[in-house]
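> Show me the folded form of this:
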Amino acid sequence: KSLLVSTLQDLFEGRRELFKGLDIEDKWDWETTYPVIKISFGGGTARNLESMQRIVGSVLRSSQAHLGVECAHPEHGGVCFQELIEAVYRKTGQKAVILVDEYDKFIVDNLDQIEVAKQGREVLRDLYSVIKDSDAYIKFAFLTGVSKFSKMSVFSGLNNLKDISLDERYATICGYTEKDLDTIFAAHLEGADRDEVRRWYNGYNFLGEKVYNPFDVLLFIDSGQQFDNYWFASGTPNFLITLIQQNNYYIPRLDNLKVSKSLIDSSDIENIQLEPILFQAGYLTISEVEQAARGGLQFILDFPNKEVQLSFSDVIIDYLTNHQNQRADFQDELYLQLQEIDLPGFEQTLKSLFAAIPYNNYVNNTISNFEGYYASVIYAYLASLG
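Residues are numbered from 1 along each chain as shown. This next block holds a predicted model:
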């Protein structure tokens with residue numbers, strides 16, 4: 001998503017040299033350029049109101065320096081943003097392009113402290129409401145992030161946004177298609193087991209053609225075609241573990257999960273649910289679309305590919321059992337015992353892995369009070385075997 005935002009910036013700023021020989025070169029008006037206000041919250045983590053306000057101030061100062069204008073009221077985020085939009089219009093005679101990356105950062109980083117997440121929502125709402133009020137000075141606006149919070153929740157008053165998350169026309173905009181691998185990457189993938197590449201890194205579905213995770217494909221090539229969990233290893237989903245913990249979530253429910261379109265369509269801070277967050281963050285994807293009996297669509301969600309299934313299961317195992325040092329040994333034993341149909345050995349390994357869960361893991365973890373805890377442990381271990 002960040003690369004897409006940077007690409008849009010370079011297009012609107014008319015940097016034709018970056019697109020020489022590419023498909024868009026003869027389809028874009030390079031003579032007309034626009035002032036681009038880029039707001040990216042992808043850097044540091046803000047865990048309180050003061051740090052959020054400080055980051056907003058820093059981001060807006062960066063835009064002022066880039067565009068050569070100044071806010072009269074830099075201490076007020078929304079006011080400064082509006083001044084910035086109008087100032088660049090007066091300076092250049094062209095409407096501004098607004099690009100926002102990680103629009104939801106202050107909320108997602110604080111899902112474990114809901115009151116702070118609500119403060120983050122207010123900071124962001126103050127900023128984004130300016131886009132609606134400054135419509136006459138804006139050529140184009142594009143916002144992207146991890147989660148999808150309802151328009152009323154974050155974008156109060158900004159009712160002219162069009163959500164393209166599940167629009168078939170944009171289904172492949174951030175991923176690599178099978179054709180891309182057959183053509184652009186053909187030389188780099190020579191000798192690779194393409195079926196296995198597909199199993200590991202393809203599978204993301206935004207109601208169009210399925211796409212590969214581009215981060216994985218590039219690192220798979222760069223590492224000499226070694227299969228590994230490149231994308232998943234780039235960031236531990238701590239906020240997901242927090243949600244599982246808070247809701248005593250029954251992990252086996254993740255297997256072919258049926259949800260309504262409205263459930264994965266948006267999130268609400270006051271009622272955070274795990275399923276839409278898992279979908280929006282890329283840990284689950286749409287495997288099937290069905291017509292619901294009562295009307296409307298419902299989706300069956302599943303892990304997109306082998307990388308996510310194995311890696312996510314490992315994270316769940318470590319959270320449930322504290323088995324970080326023993327997990328691989330238990331997984332190897334279970335795999336071999338199932339492969340050899342050694343059911344007595346399989347039973348003994350299950351007993352051993354439960355016996356190896358530290359006592360304080362039960363004491364500090366309310367999920368262990370539920371019968372589903374034990375089913376969740378077994379499910380996670382079996383899912384981690386692929």
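
> For the nearest residue to residue 30 once chain neighbours are set aside, the count of nearby residues, please.
Of all residues not flanking residue 30 in the chain, residue 16 sits nearest, at 4.6 Å (CB to CB, 6 or more residues apart in numbering). Yep, even glycine has a C-beta here, placed from its N, CA and C like the rest. Residues lying near residue 16 (other CB atoms under 10 Å) number 14.

> okay, residue 16: pLDDT?
On the pLDDT scale, residue 16 is placed at 98.

> Pull up the gap between it and residue 28, please.
According to CB to CB, to the nearest Å, residue 16 stands 8 Å off from residue 28.

> likewise residue 258?
43 Å.

> ok, now residue 175?
As judged by CB to CB, residue 175 and residue 28 stand 22 Å apart.

> out of the two, which sits in the busier spot?
residue 175 (21 against 14).

> Report pLDDT for the more buried one.
With respect to pLDDT, residue 175 has a value of 95.

> Who are the contact partners of it?
Counting by CB atoms under 8 Å, 6 or more residues apart in numbering, residue 175 makes contact with 204, 211-214.

> could you flag which of these are buried?
204, 211-213 (16 or more other CB atoms under 10 Å).

> List just the nearest of these to residue 280.
Top of the list for closeness to residue 280, among the buried ones among the contacts of residue 175 and by CB to CB, is residue 204 at 12.1 Å.

> what's the spacing between that closest one and residue 251?
Distance from residue 204 to residue 251, counting by CB to CB: 22 Å.

> How about residue 119?
For residue 119, the distance to residue 251 (CB to CB) stands at 31 Å.

> try residue 349
Separation of residue 349 from residue 251 (CB to CB): 19 Å.

> Please apply the same query to residue 326.
19 Å.

> out of these two, which sits in the more crowded spot?
residue 251 (23 against 15).

> can you list the contacts of residue 175 in CSV and add pLDDT, secondary structure and distance to residue 8?
Formatted as CSV, the contacts of residue 175 follow (pLDDT from 0 to 100; DSSP: H, G, I helix; E, B strand; the rest coil; distance: CB to CB, whole Å):
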residue, pLDDT, secondary structure, distance to residue 8
204, 97, strand, 21
211, 98, strand, 19
212, 98, strand, 22
213, 96, coil, 21
214, 96, helix, 16
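
> Relative to residue 125, how far out is the spatially most central residue of the chain?
By CA atoms, centre = their mean, the chain has its centre lying nearest to residue 281, at 3.2 Å. Note on residue 281: its distance to residue 125, by CB to CB, is 22 Å.

> For residue 366, report the pLDDT, please.
According to the model, residue 366 scores 60 on pLDDT.

> before we move on, what about residue 162?
87.

> can you check residue 1 too?
87.

> next one: residue 266
Per-residue pLDDT puts residue 266 at 68.

> And the one 3 residues further on, by the same measure?
Among the per-residue scores, residue 269 holds a pLDDT of 80.

> which one is it nearest to, not counting chain neighbours?
The spatially closest residue to residue 269, leaving aside those adjacent along the chain, is residue 117, at 5.4 Å (CB to CB, 6+ apart).

> in a strand, that's where the one you found is, yeah?
No: secondary structure of residue 117 (DSSP: H, G, I helix; E, B strand; the rest coil): helix, not part of a strand.

> burial measure for it, as a count.
Counted with other CB under 10 Å, residues neighbouring residue 117 total 20.

> Kind regards, and thank you for your time.
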